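Colleague: got a sequence here, can you build the structure:
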Amino acid sequence: MRSVRTKFLLVIALCLLPVAGATRIFYYAAEREMQSDVAAKMKNAGSAFSAEFQDDLATLEVAARLIETDPDLRRELAANDSPLLYEHIDDFSGVYPGIRVYLTDTSGKILASSRQRHVHGFLGAMPEVQAALRGGRFTGVTRLILEDGGAPKEERAYSCAIVRPILDGTTVIGALLATFPLDRAYLDNTEKKEGLALSLRIGDEVVAYNEDDPLPSARVAPGAVVVEHLSRGRIIALTSFLPTGVGVTPGPLSVVASQDVTEIFTDSERFLRYRLLVLAGIALAALVAGLAIANPMVRAIRQIAAVLPGVAARRYEAVEGIHTGDELQRLADTYNTMIAELREAGRFREALGKYLSRAARDAIARGELQLGGTTLSATVLFCDIRGFTSLSEKMAPEDVLHLLNRYFTEMVGAVVHHRGIVDKFIGDCIMAVWGPPAPSAEDALDAVRAALEMRDRLSKLNAALASSGLPTLRNGIGIHTGTVVAGNMGAEACDGLEGKMEYTVIGDTVNLASRLESLTKELHVDVLISEDTFKAAGPNLEAEVLHRIPIRGRTEEVLVYRLVGLGTAGAPAAGAA
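Modeller: The predicted structure follows:
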């Protein structure tokens, strides 16, 4: 029976065969009505208890949040000021009288409690408090353990608890424990509302029950409704349910509800005595089969269905804990394999986005950029720090690296902001390119915008450096527009070794842009652009004509401009890379 189809057919058969054999039994409406009334009341009791329990837990959560976010309390806790902490707790107790609160320092020592003043002891033996002092959080049911001098002083009944770290910024300065007891008084309050006796079980231990509960230690499968015949003809209906959405230490939380149905059964016993036994057997068999076979499959299907919508939103969540041994498990394993591949692809795209424009990144991801090059029009920008060698000789290596990282972050941010590709870092020099793999009429203008933003960012960075007592920086920028060869260049895999490729541009345009950057030193300007860039950037460019300059390796002199700025029409908002 390793297929879902076979298992469901078995469940259907187990349900239909007894029903077919007991058609005459179901004829009696009184029996159906009796069973329906009891089961409905038990089910409603479970829903009501779970809803009330969640409401109490929500109230506890709100109360705990009020305390942990109180800035005065954090300040007093950091100062270990117990008197002021007790005043805070007293004010809180007036609003939430049913909730008990403990505040501890970083060792677990109690500094204040809503129970009484001057409580001495430690809560450090509680795993939840230990976790909170390391930054962890706990919401659920646990046992309060109060120690004094290393020995347990008080071990209370189980309580619903919220344990939170108290933070001063990112530093844990103490822990908050807010609780309300899950005791007989709590169950008596629920019994008054629902008319059912309740017993509370954690793991195999019965921790609380109503005084009039006739069977506090009874065991009932979750969701089942069973009937117990007691002495003197008394008949009790029992059911068990599991409150959801709450963690429990050390074991699962379950509630058994019971109701006296002696009168109901007495009225029906004259007609249904033997039929009741048959029906109970059928119900028990169907329930056991359904729980043992159907529930694991339903849970598996729900787990898979819950994560599938996230794929479209690129939330790649894996499915865990499916061990049905059939097609559902194989489906979950296949899905997890797909998710792993999608995560890897997402990390690849994210990494490419730090260095390439969106067009280049998408082209590489589609496999459209192979080893080799394409001739196209591009604008190349070189940006170099002035006097960095002498500056770095006066600083420690780690300080130089930190300074460079701050500088590169600002400069690269300007390039990426205006759709540029950071081609490479050459020491303290940045080479950026606009155009590949899909040239645009805006490439030259985007490069000019990037240079102006780099100028502005450097000014702000220098102000921050100066205020910190660090040396300020100057740079030179050269921009040229022309034809380049762009593509993946490097070596294919050979001799069992992986290939090494780099997406870059080469050509005379690159050399000239580098030369213009070097000329900024001689001409004492910060940004030089070529005539080709000046023409390609459009009429709104504000630049000062310098003069024609001979360039090594070129027969014609190059007319260069000092970049001043952009007119209003030439400076629209840049798009994201």
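
Colleague: switch to C-alpha atoms for all contacts and neighbour counts from now on
Modeller: OK.

Colleague: looking at the protein, which helix or strand does the model trust least?
Modeller: Every helix and strand of the chain was ranked by mean pLDDT, DSSP states H and E. The lowest is helix 23-26, at a mean of 52.

Colleague: which is the next helix or strand following that one?
Modeller: Using DSSP states H and E, the helix or strand that follows helix 23-26 in sequence is helix 29-68.

Colleague: I'd say residue 386 and residue 473 touch.
Modeller: Yes - with contacts counted by Cα atoms under 8 Å, residue 386 reaches residue 473, the gap being 7.3 Å.

Colleague: low-confidence regions, the stretch 301-450 of the chain specifically.
Modeller: 312-313, 321, 345-372 (pLDDT under 70).

Colleague: swap the cut-off to 80 and go again
Modeller: For the stretch 301-450 of the chain, applying pLDDT under 80 flags the ranges 301-333, 335-336, 339-373.

Colleague: so which residues of it form strands?
Modeller: Remark: strands assigned in the stretch 301-450 of the chain by DSSP state E, counting those that start in this stretch are 372-385, 421-426, 429-434.

Colleague: contact partners for the residue nearest to residue 297 when sequence neighbours are not counted?
Modeller: Spatial nearest neighbour of residue 297, chain neighbours left out: residue 324 (6.9 Å); criterion: Cα to Cα, 6 or more residues apart in numbering. If you count contacts by Cα atoms under 8 Å, 6 or more residues apart in numbering, residue 324 has them with 296, 297, 300.

Colleague: please state the backbone phi and psi of residue 324?
Modeller: Dihedral pair for residue 324: phi -80, psi -20, per degrees, to the nearest 10.

Colleague: let's verify residue 473: helix, strand, or coil?
Modeller: coil (DSSP: H, G, I helix; E, B strand; the rest coil).

Colleague: any idea of the pLDDT on it?
Modeller: Listed pLDDT for residue 473 reads 93.

Colleague: show me what contacts the spatially closest residue to it that is not a sequence neighbour?
Modeller: The shortest distance from residue 473 to any non-neighbouring residue, by Cα to Cα, 6+ apart, is to residue 462 (6.5 Å). Residues in contact with residue 462 (Cα under 8 Å, 6+ apart) are 471, 472, 473.

Colleague: of all the residues in stretch 428-445, which ones are buried?
Modeller: Residues of stretch 428-445 classed as buried by neighbour count (16 or more other Cα atoms under 10 Å): 428-437, 442-445.

Colleague: identify the farthest-apart pair in these.
Modeller: Longest distance between any two of the buried residues of stretch 428-445 is 27.3 Å, between 428 and 442; criterion Cα to Cα.

Colleague: how about the helices in the stretch 51-200 of the chain?
Modeller: 71-78, 82-95, 127-133, 184-194 (DSSP state H, counting those that start in this stretch).

Colleague: helices or strands next to the second one in the packing?
Modeller: To tie it back to what came earlier, the one meant is helix 82-95. Helices and strands touching helix 82-95, by 3 or more Cα pairs under 8 Å, 6 or more residues apart in numbering; DSSP states H and E, are helix 71-78, strand 110-113.

Colleague: can you tell me which of the ones you listed is most buried?
Modeller: Most buried of the helices and strands packed on helix 82-95, by mean neighbour count (mean count of other Cα atoms under 10 Å): strand 110-113, with a mean of 25.

Colleague: name the helices or strands packed onto it?
Modeller: Here strand 110-113 touches helix 82-95, strand 100-104, going by 3+ Cα pairs under 8 Å, 6+ apart.

Colleague: now the longest one: average pLDDT?
Modeller: In this case it means helix 82-95. Mean pLDDT, computed over helix 82-95, is 79.

Colleague: contacts for that helix next, please.
Modeller: 73, 76, 77, 99, 100, 101, 111, 112, 113, 114, 117.

Colleague: rewinding a little: out of the helices and strands packed on strand 110-113, deepest packed?
Modeller: strand 100-104 (a mean of 24).

Colleague: give me the mean pLDDT for that one.
Modeller: Here the average pLDDT along strand 100-104 is 86.

Colleague: right, and residue 160 touches residue 177 too?
Modeller: No - Residue 160 is beyond contact range of residue 177, at 10.3 Å (criterion: Cα under 8 Å).

Colleague: ok, now which ones touch residue 335?
Modeller: Residue 335 touches 318, 319, counting by Cα under 8 Å, 6+ apart.

Colleague: for stretch 416-426, which positions count as buried?
Modeller: 416, 417, 418, 419, 420, 421, 422, 423.

Colleague: okay, who's weakest in the contacts of helix 82-95 by pLDDT?
Modeller: residue 117 (63).

Colleague: fine by me, we can end here.
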